[in-house]
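K.L.:
sequence unknown, structure follows:
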């Protein structure tokens, strides 16, 4: 499935301006539907006629969810599933419409808390510095750009990063994982092409990089080069591919298919607490441990374990996906979970972690559920079911 903006640009802008004005009186009121702890972003329809909704999830473990009386439509306000959610507020940047906004759901309607003009970058990745400070990254016409957003007032500061210059034959920066730790931001990136003539066989640059950025002044302190894999994490506005564990160690996994590299393996890396170098003693070749699968997303579930969303090898972005449990400390595959094949997009925010358990949304061929996985008992339990003509579960979120 592909994302869609099916409204002409001028009309879209008029709609956005209208809702921006009408939403002003509702700012910071009822940021979460009363009694709602979880939400889902759902898609109805198929290309080119799709619509997107935010639905509340009363329970992860039982009952049913439909859009009947339970869906705040996003279409025309927020483009699709590339949103950032925190404490019940949703954030979205759309360079195409020229708006960056903060939103919340109230009484079944997605309201605009504030929107500001924004076409500075095509956002790809982000990290939170604190509860009020969001840093986003993206390409801006062949420049590496960032924006620091104070989300309470939606004020913004923009700037350019001094990354390695784009290599000959490539035109854009591809951004991967981003994590903030100890006043530094670790940002995965590489070079990409905007020439789609030979899609899906796109030019592939054989190196990826990790920029170590001093957050105090947003200067690049050092650049780490990596050649054992490629595509160091995917666009985190869609799904995570990195985490920081209880020991303050940073882990990230590569997704070469995300940059149209169908040869390099997916691999997991570690940067230990206090270090700014990739740990030379750690390299987990995820593709070698599975059936040559690739890993577009990953979620830490605690106690040294993570859930990885994986896909079969091949020259395709969207295909069947599966879920695996890995031991992140030793760098080993524990098992592939006995779940139905997921028919959804490659980068889906499909996991909520709570009380040591993982709740996994699966777009199955027949019926769609959120499944509970308890790593303590190694047990899978079927939970809440999505019904009523929902085509894709794109995100599930814990709101509080």
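P.N.:
Cool, got the structure. Quick caveat: nothing in here was measured; it's all calculated off a predicted structure.

K.L.:
low-scoring stretches of the chain, by residue?
P.N.:
1-35, 314-318 (pLDDT under 70).

K.L.:
Could I get the full set of helices for it?
P.N.:
9-23, 286-289 (DSSP state H).

K.L.:
Pull the distance from the last one to the chain's centre.
P.N.:
Going back to what we said before, that points to helix 286-289. Centroid separation between helix 286-289 and its chain, computed with C-alpha atoms, centre = their mean, to the nearest Å, is 22 Å.

K.L.:
ok, which stretches of the stretch 1-150 of the chain are strands?
P.N.:
38-46, 49-57, 64-65, 72-73, 84-86, 89-94, 99-106, 109-117, 122-130, 133-140, 143-150 (DSSP state E, counting those that start in this stretch).

K.L.:
With distance to residue 300 added, can I get these in CSV?
P.N.:
Backbone N, C-alpha and C define where each C-beta goes, glycine included. Shown next, in CSV, are the strands of the stretch 1-150 of the chain (distance: least, C-beta to C-beta, whole Å):
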stretch, distance to residue 300
strand 38-46, 18
strand 49-57, 21
strand 64-65, 26
strand 72-73, 29
strand 84-86, 17
strand 89-94, 22
strand 99-106, 27
strand 109-117, 29
strand 122-130, 15
strand 133-140, 20
strand 143-150, 25
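
K.L.:
Number of residues surrounding residue 199?
P.N.:
By the criterion of other C-beta atoms under 10 Å, residue 199 has 10 neighbours.

K.L.:
Oops, could you answer that again for residue 216 instead?
P.N.:
Residue 216 has 8 nearby residues by other C-beta under 10 Å.

K.L.:
just residue 184 next, same as before
P.N.:
Residue 184 - counted by other C-beta under 10 Å - has 19 other residues nearby.

K.L.:
Also residue 273?
P.N.:
Other residues close to residue 273 by other C-beta under 10 Å number 12.

K.L.:
just residue 260 next, same as before
P.N.:
Based on other C-beta under 10 Å, the number of other residues close to residue 260 is 20.

K.L.:
can you tell me how far it sits from residue 171?
P.N.:
14 Å (C-beta to C-beta, to the nearest Å).

K.L.:
still on that earlier bit, I'd like the strands of the stretch 1-150 of the chain laid out as JSON lines, including mean neighbour count and distance to residue 366.
P.N.:
Putting the strands of the stretch 1-150 of the chain into JSON lines (neighbours: other C-beta atoms under 10 Å; distance: least, C-beta to C-beta, whole Å) gives the following:
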{"stretch": "strand 38-46", "mean neighbour count": "21", "distance to residue 366": "17"}
{"stretch": "strand 49-57", "mean neighbour count": "20", "distance to residue 366": "20"}
{"stretch": "strand 64-65", "mean neighbour count": "18", "distance to residue 366": "15"}
{"stretch": "strand 72-73", "mean neighbour count": "20", "distance to residue 366": "26"}
{"stretch": "strand 84-86", "mean neighbour count": "18", "distance to residue 366": "29"}
{"stretch": "strand 89-94", "mean neighbour count": "23", "distance to residue 366": "30"}
{"stretch": "strand 99-106", "mean neighbour count": "24", "distance to residue 366": "29"}
{"stretch": "strand 109-117", "mean neighbour count": "19", "distance to residue 366": "30"}
{"stretch": "strand 122-130", "mean neighbour count": "19", "distance to residue 366": "34"}
{"stretch": "strand 133-140", "mean neighbour count": "22", "distance to residue 366": "38"}
{"stretch": "strand 143-150", "mean neighbour count": "20", "distance to residue 366": "41"}
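
K.L.:
Quick check: which of the ones you listed is nearest to residue 370?
P.N.:
strand 49-57 (7.7 Å; C-beta to C-beta).

K.L.:
I'd like to check what contacts that closest one. Which residues are they?
P.N.:
1, 4, 6, 33, 36-45, 65, 67, 70-75, 78, 80-81, 90, 105, 110, 370, 384, 391, 394, 396 (C-beta atoms under 8 Å, 6 or more residues apart in numbering).

K.L.:
is it true that residue 93 touches residue 123?
P.N.:
Yes - at 4.5 Å, residue 93 and residue 123 qualify as touching, with contact defined as C-beta atoms under 8 Å.

K.L.:
what residues are shared contacts of these two?
P.N.:
Joint contacts of residue 93 and residue 123 (C-beta under 8 Å, 6+ apart) are 136, 138.

K.L.:
give the contact list for residue 273.
P.N.:
Contacts of residue 273 (C-beta under 8 Å, 6+ apart): 181, 247, 248, 249.
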